[in-house]
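J.: Please work out how this folds:
(chains A and B)
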There are 2 protein chains.
Amino acid sequence: MLLEAPVYKELFGAIEIYEVQKVIKLDTQTRDVGSFTVKNIPREDIYNILEDIAIVVPMKNEKLQLVDGVLKAIPHQCPIILVSNSKREGPNLFKQEVDLVKHFYNLTHSKVLMVHQKDAGIAKAFQELGYTDILDEKGTIRSGKGEGMLIGILLAKSLGAKYVGFVDADNYIPGSVNEYVKDYAAGFLMNETDYGMVRLSWRHKPKVGKRGLYFRKWGRVSEITNRYMNALIGEGTNFETSIIVTGNAGEHAMTIKLAEMMPFSTGYSIEPFELAFLFERFGVWENIEEYKEVYNQGIEIFQIETLNPHLHEEKGKEHVADMILSSLGVIYHSKLASNRLKEQILEDLKLHGILKEGEEPPKPRIMRPIEVIDADKWMKIVEDNAETLFKFEV
Amino acid sequence: MLLEAPVYKELFGAIEIYEVQKVIKLDTQTRDVGSFTVKNIPREDIYNILEDIAIVVPMKNEKLQLVDGVLKAIPHQCPIILVSNSKREGPNLFKQEVDLVKHFYNLTHSKVLMVHQKDAGIAKAFQELGYTDILDEKGTIRSGKGEGMLIGILLAKSLGAKYVGFVDADNYIPGSVNEYVKDYAAGFLMNETDYGMVRLSWRHKPKVGKRGLYFRKWGRVSEITNRYMNALIGEGTNFETSIIVTGNAGEHAMTIKLAEMMPFSTGYSIEPFELAFLFERFGVWENIEEYKEVYNQGIEIFQIETLNPHLHEEKGKEHVADMILSSLGVIYHSKLASNRLKEQILEDLKLHGILKEGEEPPKPRIMRPIEVIDADKWMKIVEDNAETLFKFEV
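T.: Numbers count the residues shown, from 1 in each chain, chains lettered A, B, ... in the order given. Below is the predicted model:
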């Protein structure tokens, strides 16, 4: 793969954020392109690292044809982890998914782990290990993509994966999914620390799609989130920047070591919260014993602009205001946000009719990092108790 | 790549037509999948054959962003041959294309050959070698995709390519283009003769696209063409079949040896005419010295259903009737067509208001096989005279 070499990066405490890199060629071999503006990631290197990247696909009632395409597009060596929160009655969509995955496994012998998010055995494992952050008052695992991702990370860890990447199940273009995974791989091959993250961005959607989630008179959700996320960095560094273009990037990946020490929020705020957390915690040098290794090695954040467009199921305009509110809520409630920035966010939200006078954006609900969980014990309890855990392995 | 193993094939004289094979997994390694229903084409094999496959991209005023995506998606080893028939004045789109390709070459060092279809130097080469089939009455090369393809095949031959594949320039999904080329490669790796062809088919287009070129009350163009193409085989073999699903497949590839001996038609009839020609010529065993080697080895036609959807620029409904008329014209005028089949075609065309009483569908205009041209001499004249020939090579 050929990528634009990043000419510029932003340093923010222990964090290095690389400017967005466009994909210039999907497929290349080991060969020097003899250029300083182009970074060659030989495909052999990409294929070698794939088996260490577990791909987590959170699902919820997605069309089976789309799920099928996504499974077929993930490169063969990547272990696939499906965390489904689909209906189990009226109709039992989860059973259809299990059948699809069984058939897929029989044909391809891909390594697949599958589980239902609401499996009481998983809830039991969290409960017994004292991690109630993910449970509701009844002791059931909450719905939500963040909760599914967290389960996915624990399962990835149990498989011994070094990296974990997320891919949505509602993608219309299997070729995009194939590229996303290779983009993750390319990012990790550029990454030099144990704490790396790769976030994907895409250009304008083509004619056939919509213009992206759009709030009238204001712009695309991602543009709004990025603007304020960059402002948040500005608050910390006193330098304005426009480096962040992936504030809402659902397609992203990280090293397991980074994933383990990250708290996760829920709902639409997950992706921006990851950045806000890193900025708060590592934007300034602090002498915290717990994070000594992280401060020493540093954190690298790569942003890659995919060659493929992103065509997924439209979730409808009613979610736009919610997405903006959750995303800006993360920034509003960040320790880094000055009163001036908070005022600006409130003004904007009121101006666009998302908040009323005197209201504040909601504070994100946070789940502690999974490093507080003994992953081996957790997996043991899950294996002994989960009724929906399917392990497909040669 | 994992493909469905073809359970069934149709034998028609010297031709073997394999039933359509679905792509089950885009990326796989050398590893036995231990299944009789699945065919594994290891990616290493695919990468090894790519440098022998020249990819011809006929272009005419396509959006540059789309061309850019297509170039970036073609695997690095494949030589790329661009035959442009774009405007050269008001505005000079060809110049913009040349600039784009230069930039692309500088970044990627891909092997690219580019030429303008109307280049007087190319016309001169055809003229001097007595091949006027491609010229109009003024001695200029005619417009048309078939003419562009034919030039592309000659250029591919001059590069020493063993295979030539066609890819349209107006594809919205770069990942699809990447897959198409690998599908071609997979087909050639299954092919055991010097005379092989790979034709691609795709499933229903997803919500975001249209239902494909559709003629009211009759169906999709490809369905109509396939129905009659299968009927044509039935006329020859006396057995009904539904094996052909790629009658109008614009995305297809063939061995250079097959391409050399194929006559090509023009306009929308090119792709169905290729099949009709093969059926006529090789559907019965004849003792023709010229084709002895072909009869000995046989011809293999593979049909692969891509994993990716096909999203390209909509050409508008006015072309639908034209496409049907040209496609059925090929079948109507085939030597294999019985009077009964001809009657049926006429009835259908009249019923749907495409033909009036007493009219016949047009006979396809045919260009002789390029084997009648001395390719080395042709290339020499082109190199000495063409003003638009760009050769980008490391």
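
J.: Whichever residue of the stretch 101-250 of chain A sits closest to chain B: how many residues sit nearby?
T.: Residue nearest to chain B within the stretch 101-250 of chain A: A:G175 (2.2 Å; CB to the nearest CB). (C-beta placed from N, C-alpha, C; glycine too.) Other residues within reach of A:G175, judged by other CB atoms under 10 Å in any protein chain shown, total 27.

J.: The closest residue to A:M190 other than its chain neighbours and chain B: what is the separation?
T.: In this structure, A:M190 finds its nearest non-sequential neighbour in A:F302, 6.2 Å apart by CB to CB, 6 or more residues apart in numbering or on different chains. In this structure, A:F302 and chain B are separated by 19 Å, where distance is defined by CB to the nearest CB, to the nearest Å.

J.: Need the per-residue pLDDT for A:F302.
T.: At A:F302 the predicted local confidence, pLDDT, stands at 98.

J.: and A:V83, which of the three is it?
T.: strand (DSSP: H, G, I helix; E, B strand; the rest coil).

J.: picking up where we left off before, the residue nearest to A:M190 looks like it's in a strand, true?
T.: Yes - A:F302: assigned to a strand according to three-state DSSP.

J.: residue contacts, it?
T.: A:F302 is in contact with A:6, A:18, A:21, A:187, A:190-191, A:196-199, counting by CB atoms under 8 Å, 6 or more residues apart in numbering or on different chains.

J.: Around chain B, which positions in the stretch 1-150 of chain A sit nearby?
T.: Within the stretch 1-150 of chain A, the positions near chain B by CB under 8 Å from any CB of the partner chain are A:2, A:23-29, A:31, A:33-35, A:37-38, A:43, A:47, A:69, A:72-73, A:75-77, A:106-110.

J.: Would you mind writing the PyMOL command to select the buried ones in those?
T.: The PyMOL selection below is limited to those of the residues of the stretch 1-150 of chain A next to chain B classed as buried (16 or more other CB atoms under 10 Å in any protein chain shown):
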select buried, chain A and resi 2+23+24+25+26+27+28+33+38+43+47+69+72+73+75+76+77+107+108+109+110
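
J.: Of the residues of the stretch 1-150 of chain A next to chain B, which belong to helices?
T.: A:43, A:47, A:69, A:72-73, A:106-108 (DSSP state H).

J.: pLDDT below threshold where in the stretch 201-350 of chain A?
T.: In the prediction, the stretch 201-350 of chain A carries residues with pLDDT under 70 at positions A:203-219, A:313-318.

J.: Was I right to think A:D45 contacts A:F188?
T.: No - because the distance of 9.9 Å does not satisfy CB atoms under 8 Å, A:D45 is recorded as not touching A:F188.

J.: Pick out whichever of those two has more residues nearby.
T.: More neighbours sit around A:F188 than around the other of A:D45 and A:F188, counting by other CB under 10 Å; the figures are 26 against 16.

J.: For that one, pull up the helix or strand it's in.
T.: Under DSSP states H and E, the secondary-structure element containing A:F188 is helix A:174-190.

J.: Average pLDDT for that helix, rounded please.
T.: Regarding helix A:174-190, the rounded mean pLDDT is 96.
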